[in-house]
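**Q** How does the following fold in three dimensions:
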Amino acid sequence: MIAALVAGVFILIGWGLSVKTSSPIVDVLFITAFIIGGFAKAKEGITETIKDKTLNVELLMLLAAIGAAVIGYWLEGAILIFIFSLSGALETYAMNKSSDELSALMSLTPETARVLRNGKEESILAKDLQIGDTILVKPGELMPADGVVIKGKTSVNESAITGESMPVRKGEKEEVLASTVNLNGVVHVKVTKTNEQTLFQKIIKLVQSAQEEKPPAHLFIERVENYYVIAVLTASGLMMFLPHFLLGWSWNETIYRALVLLVVASPCALVASTMPAILSAISKGARKGMLFKGGVHLEGLASLSAIAFDKTGTLTTGKPEVTDIVASDGWDPKQILQIAVSIEHYSNHPLASAIMRKAKDEKVDVLEAEEIKDNPGWGIEGLVSGKHYKIGKADFVGTESTETFLNTVTLKSAGKTIVFVKSEQGIIGALALKDAVRTDAKKAIEDLNAAGVETYMLTGDSEETAREIALEVGVTSYKAECLPDQKLDEIKKLTKNYQRVAMVGDGINDTPALATAHVGIAMGAGTDAALETANVVIVNNDLRSIPYTIKLSKKMNRIIKQNMVFSIAVIVALIASNFMQNLSLPLGVIGHEGSTILVILNGLRMLRG
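**A** Numbers count the residues shown, from 1 in each chain. Next up, the predicted model:
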């Protein structure tokens with residue numbers, strides 16, 4: 001950009017002097033503008049031609065500028081170099097804007113870590129950490145690796161990974177992620193993944209691969225560029241003498257028109273039609289928490305006609321929550337919760353964790369329990385205040401008594417898991433638990449349905465649970481009791497019936513379906529297998545990012561089409577004007593290179609809004 005602007009200054013000075021005098025200093029100024037403005041593009045064109053053994057638009061512009069100078073059009077040649085270098089600088093700017101996302105990510109990677117070995121603290125490179133190492137992280141520092149807190153409590157800012165601005169409290173046995181910020185406590189963390197395996201490093205690799213992989217539209221242009229340049233050079237060569245003999249043009253006019261053709265027929269604007277828009281869209285998507293393994297996947301989302309969702313961990317949180325507590329006569333729901341949590345806090349079952357969370361929210365105290373006996377898969381029992389209680393499913397506490405109890409209370413049990421509390425006298429209460437629907441799921445499905453995308457849910461849960469969740473989130477259709485191979489079969493059916501199908505999942509059991517769909521979308525909090533298999537990752541775990549990205553893809557494709565149609569139309573119009581001898585070289589340069597700048601600026605619109 002600096003070189004282009006400096007060249008522009010020399011051109012202005014040379015043009016100003018040329019109006020008053022024909023001094024040799026004017027030619028020196030234009031030659032200086034040629035060298036300063038054209039060096040980078042000339043070097044790029046020549047080295048790429050030698051390396052790839054193909055011709056390119058840089059060579060066309062170089063030949064056109066030199067040809068203009070040879071026949072005495074120094075100003076026109078200099079303007080050509082100036083505008084061409086300016087458009088190249090703008091294209092580089094677009095690519096750098098995309099790279100800013102990667103640079104921002106890289107800056108969040110800690111270089112060193114405090115590791116505790118043999119009771120002593122050592123400082124080592126974060127990339128050298130091994131699984132099993134214990135690291136010390138102080139307030140204000142970045143977590144050097146993925147791991148589990150084994151000592152201490154703190155709050156962690158995970159916005160770099162999840163996009164969630166609110167701090168998350170972390171205590172013992174809770175997971176922390178590399179490159180998140182430790183806010184206010186000293187913690188000891190046991191490393192569970194090497195540097196290359198961390199979620200953060202995988203995000204960086206996704207951004208890198210997205211920048212490097214070129215979409216079909218750009219690959220097509222690259223394939224035809226060499227043949228097109230050969231055709232332009234051939235046509236310009238023929239035009240240097242044929243019009244003189246066939247149309248009676250003067251030699252000066254013939255050569256002049258050949259040079260104009262060399263300039264205006266160059267596909268600069270066409271070449272710049274795709275990548276600035278695509279890189280800008282990838283950059284915008286990354287800021288919104290959507291990472292792509294290549295522009296081809298972003299380009300394809302525009303034509304998405306159906307999308308299938310896994311249920312657990314995708315449409316739902318994957319964590320059961322207590323939704324209802326009912327009690328028999330003489331008992332209070334809070335008493336039922338207190339008895340349940342006093343016994344259940346000895347269990348590591350997910351339902352026990354949900355009951356403990358509910359008790360914490362309700363500020364219910366945990367009483368001392370004795371003689372705890374856990375019956376995995378069925379329930380748990382123990383003594384609270386000297387009285388014996390059993391907590392679990394109907395078969396564990398007695399099917400007949402649970403049916404009698406349910407007839408005496410009002411409990412909406414559809415799609416829910418019921419945990420009964422039984423005393424020595426009988427059933428005294430029950431808790432209903434449900435895998436809660438994600439707060440963003442309903443809005444995301446609503447937006448997808450409104451956009452004309454058919455929505456499906458594939459789950460291994462029972463028919464009753466699947467039906468309730470499907471009704472709550474609003475999906476078009478669902479399939480219950482699906483094993484991984486059955487999910488795969490369903491995706492295969494959808495790919496036959498729809499033009500383009502996406503699959504959204506988070507678990508190992510989703511990977512076959514993610515790989516088979518036209519576009520596989522993984523939740524950022526999902527398993528490593530899902531992240532590796534998917535084409536797109538929702539880093540912030542917000543399903544609303546999907547309809548947003550579809551709109552982004554449609555806008556990007558619309559801009560690319562606008563650019564291609566506009567650039568081709570300009571080339572055709574300029575060539576026609578040249579043959580009619582109505583186009584001067586300066587206007588040809590401005591028209592052609594101006595169109596290149598316009599399509600680049602049009603592509604950069606993706607960064608706005």
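**Q** Going by C-alpha atoms from here, please, whenever you check contacts or count neighbours.
**A** OK.
**Q** Longest helix in this protein, please.
**A** Scanning the chain for the helix with the most residues, using DSSP state H, yields helix 545-579.
**Q** Which positions within that one qualify as buried?
**A** For helix 545-579, burial by neighbour count (16 or more other Cα atoms under 10 Å) applies to 545-550, 552-557, 559-560, 563-564, 566-568, 570-571, 574-575, 578.
**Q** go on, stretch 133-150?
**A** So for stretch 133-150, counting by 16+ other Cα under 10 Å, buried means 133-138, 141-150.
**Q** Ok, stretch 26-44 next?
**A** Across stretch 26-44, burial judged by 16+ other Cα under 10 Å covers 26-27, 29-34, 36-39, 41-42.
**Q** and of these, the nearest to Lys334?
**A** The shortest approach to Lys334 among the buried residues of stretch 26-44 belongs to Lys41, at 75.9 Å (Cα to Cα).
**Q** can you tell me the helix or strand for Ala466?
**A** helix 463-473 (DSSP states H and E).
**Q** outside of that helix, which residues touch it?
**A** Residues outside helix 463-473 that contact it (Cα atoms under 8 Å, 6 or more residues apart in numbering): 315, 414-416, 437, 441-442, 445, 457, 459, 477-481.
**Q** Kindly export it (C-alpha atoms) in PDB.
**A** In PDB, the C-alpha atoms belonging to helix 463-473 read as follows (Å, rounded to 0.1, in the frame of the first residue of the first chain):
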ATOM      1  CA  GLU A 463     -40.300 -42.400  21.800                       C
ATOM      2  CA  GLU A 464     -42.100 -40.500  24.600                       C
ATOM      3  CA  THR A 465     -39.000 -38.400  25.500                       C
ATOM      4  CA  ALA A 466     -38.200 -37.700  21.800                       C
ATOM      5  CA  ARG A 467     -41.800 -36.600  21.100                       C
ATOM      6  CA  GLU A 468     -41.800 -34.200  24.100                       C
ATOM      7  CA  ILE A 469     -38.400 -32.600  23.100                       C
ATOM      8  CA  ALA A 470     -39.400 -32.400  19.500                       C
ATOM      9  CA  LEU A 471     -42.600 -30.500  20.400                       C
ATOM     10  CA  GLU A 472     -40.800 -28.200  22.700                       C
ATOM     11  CA  VAL A 473     -38.000 -27.100  20.300                       C
END
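**Q** For Lys319, which non-adjacent residue is closest in space?
**A** Using Cα to Cα, 6 or more residues apart in numbering and skipping the chain neighbours, the partner closest in space to Lys319 is Asp435 (5.6 Å).
**Q** did I read that right, that neighbour in a strand?
**A** Yes: counting by DSSP: H, G, I helix; E, B strand; the rest coil, Asp435 is part of a strand.
**Q** which ones are touching it?
**A** Contacts of Asp435 (Cα under 8 Å, 6+ apart): 312, 316-321, 416.
**Q** Restricted to helices, list these.
**A** Secondary structure from DSSP H places none of these in helices.
**Q** Of those - the most surrounded one?
**A** Glu321 (23 neighbours; other Cα atoms under 10 Å).
**Q** beta partners for that one?
**A** Beta-bridge partners for Glu321, by DSSP bridges, are Lys434.
**Q** All good on my end, thank you.
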